[in-house]
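S.K.: Structure here, sequence nowhere to be found:
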């Protein structure tokens with residue numbers, strides 16, 4: 001009797017979140033409305049496939065606003081920026097479009113509100129990540145970054161009765177929970193966000209990885225090395241005893257990893273076509289039976305900025321009532337190519 005093939009479990013949700021969809025759509029619509037080149041501060045999202053595709057369409061990525069000509073359109077990335085960057089853009093006479101994820105903006109507003117009330121703000125996150133640097137810029141004198149439990153244990157605050165915490169949106173939920181537990185024990189009066197700062201997409205993808213790790217012991221996470229949420233997916237799987245590997249493309253797959261059933265997921269800035277290419281490569285290497293599972297259906301969609309919608313109408317560029325480009329991508333997001 002021929003043995004049945006091993007199973008390739010394909011997680012859902014995976015890949016693009018609403019904030020990434022919105023950011024990419026802003027760049028693509030800006031190119032259509034204003035024409036190339038369009039300048040983008042920092043990578044619009046942390047994925048080289050996305051960046052290379054937009055660069056080919058006429059987007060120019062830079063970390064230095066001095067590189068951007070006076071009067072040019074500059075798009076701020078999904079990760080958010082500090083007020084100082086906004087001021088510099090204005091001083092240089094640039095035309096800004098803000099692609100900051102609305103969930104990151106929520107954290108910025110929390111930081112600003114607590115700072116105005118005189119609180120010391122503990123920002124739980126990775127201090128060198130661009131999102132954390134942008135949030136820090138809202139109130140640098142009031143914010144202290146804590147990366148791990150050890151730093152939370154050693155943290156000294158002048159007025160323990162007036163402290164609040166906020167978090168980076170793409171953290172490991174388990175790591176964040178452990179840090180917050182320490183903060184609450186050490187500072188009983190600490191204020192917390194009314195709603196969890198870790199974004200819905202990060203939570204959903206981590207929950208899906210936990211399910212994957214129960215089904216198989218080898219997981220592939222498709223995402224960029226610079227992607228915080230993709231790296232956290234690897235960590236979540238490894239913490240549950242799985243062998244987990246971060247890959248950017250099908251070419252990164254090492255056949256030696258593939259033992260027994262395997263799981264595949266993707267970070268929130270990974271295009272679905274890259275995931276499908278990885279699935280195709282895996283099925284070339286082994287006769288996997290593909291099985292999808294979905295823990296939750298995501299229907300989140302963020303509107304595009306009013307200024308680009310107005311500019312599109314003025315120039316006769318067709319737009320829908322909602323973010324139809326994101327919706328179009330979502331229609332094929334979880335389809336499997338059959339051989």
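M.R.: Yep, it's here. For clarity, every value in this text was computed on a predicted model and none was experimentally measured.
S.K.: Could you check the pLDDT of the spatially closest residue to residue 254 that is not a sequence neighbour?
M.R.: Counting by CB to CB, 6 or more residues apart in numbering, residue 254 lies nearest to residue 245, which is 7.6 Å off, once chain neighbours are set aside. Glycine gets a C-beta too; all of them are placed from N, C-alpha and C. Residue 245 carries a pLDDT value of 98.
S.K.: ok, now which ones touch the residue nearest the centre of the chain?
M.R.: The centroid of the chain falls nearest to residue 268 when counting by CA atoms, centre = their mean (5.0 Å). Contact analysis of residue 268 by CB atoms under 8 Å, 6 or more residues apart in numbering lists 15-17, 19-20, 170, 199, 201-202, 205, 227, 229-230.
S.K.: possible to save those as CSV with secondary structure, distance to residue 91 and pLDDT?
M.R.: What follows is those, written out as CSV (DSSP: H, G, I helix; E, B strand; the rest coil; distance: CB to CB, whole Å; pLDDT from 0 to 100):
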residue, secondary structure, distance to residue 91, pLDDT
15, coil, 38, 91
16, coil, 34, 93
17, coil, 33, 94
19, helix, 28, 95
20, helix, 29, 95
170, coil, 31, 94
199, coil, 32, 94
201, helix, 35, 94
202, helix, 34, 94
205, helix, 39, 96
227, coil, 31, 94
229, helix, 33, 94
230, helix, 35, 96
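S.K.: Among those residues, which one lies nearest to residue 39?
M.R.: residue 20 (19.3 Å; CB to CB).
S.K.: burial measure for the closest one, as a count.
M.R.: If you count neighbours by other CB atoms under 10 Å, residue 20 ends up with 26.
S.K.: Tell me how far it lies from residue 302.
M.R.: Distance check for residue 20 against residue 302: by CB to CB, to the nearest Å, it reads 10 Å.
S.K.: so what's in contact with those two at the same time?
M.R.: What both residue 20 and residue 302 touch, as defined by CB under 8 Å, 6+ apart, is the set residue 101.
S.K.: Return the distance of the residue nearest to the centre of the chain relative to residue 227.
M.R.: Taking CB to CB, one finds residue 268 at 8 Å from residue 227.
S.K.: can you check residue 289 too?
M.R.: As for residue 289, its distance to residue 227 is 29 Å (criterion: CB to CB).
S.K.: Those two: which is more packed in?
M.R.: Applying other CB under 10 Å to residue 289 and residue 227 shows that residue 227 carries more neighbours, namely 24 against 13.
S.K.: Give me the nearest residue to the more buried one, chain neighbours excluded.
M.R.: Residue 227's closest residue in space is residue 46 (CB to CB, 6+ apart), at 4.2 Å.
S.K.: Just confirm the one you found contacts residue 248, I think it does.
M.R.: No: in this structure, residue 46 is not within contact of residue 248 by CB atoms under 8 Å, at 10.8 Å.
S.K.: the more surrounded of those two?
M.R.: Set residue 46 next to residue 248 and count neighbours by other CB under 10 Å: residue 46 wins out with 29 against 18.
S.K.: Would you confirm that the more buried one belongs to a strand?
M.R.: No: if the criterion is DSSP: H, G, I helix; E, B strand; the rest coil, then residue 46 is coil and not within a strand.
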